[in-house]
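Peer 1: Sequence and predicted model, in that order:
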Amino acid sequence: MRQEPAPLTRHLRVRQERGHTVLEFRGEIDLAAATEIAPHLDRETNRRAARVVIDLSRIEFFDCSGLRLLYRARSRVLDRDGQLLLVCAHPLTLRVLRITGLSRLLPPQPTLDAALEQPEAASGPV
């Protein structure tokens, strides 16, 4: 069952889909946006065995503040025996993920459907 995204901030929508919490980042993910997103991200990644998807398909800009959010989310989810998946198809953002090595730890999927079809261990090695 698909639930409409809740507009928590102008940079974040949250919804439940196929047993996962989908955090859809939107617009420009910079320091200001990361400050808005962080408390909501922390709340969603604080649950034991959380199944979380971060969807970057609606971002326009992504800097190191966004990378810190991804690293933080991954660490929190894995510490609580959960699963974190990433959706990203934007070439420049994918390049940043590759250069920083995050794409090895959190392999990006091109679509939300592709991410939701991933097996449990898709969060990458610890």
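Peer 2: Sure, I can see it.

Peer 1: Read off the pLDDT value for residue 118.
Peer 2: With respect to pLDDT, residue 118 has a value of 85.

Peer 1: Repeat that for residue 45.
Peer 2: 96.

Peer 1: for residue 99, same thing?
Peer 2: On the pLDDT scale, residue 99 gets 96.

Peer 1: ok, now the one 5 residues further on?
Peer 2: Note on residue 104: pLDDT of 97.

Peer 1: And for residue 40?
Peer 2: So residue 40 comes in at 95 (pLDDT).

Peer 1: which other residues reach the longest strand along the chain?
Peer 2: Longest strand in the chain, counting residues (DSSP state E): strand 51-62. Residues outside strand 51-62 that contact it (C-beta atoms under 8 Å, 6 or more residues apart in numbering) are 17, 19-30, 44-45, 66, 69-70, 73, 77, 82-90, 92-93, 96, 108, 111-112, 115-116. The C-beta positions use only the backbone N, C-alpha and C, and glycine is treated the same way.
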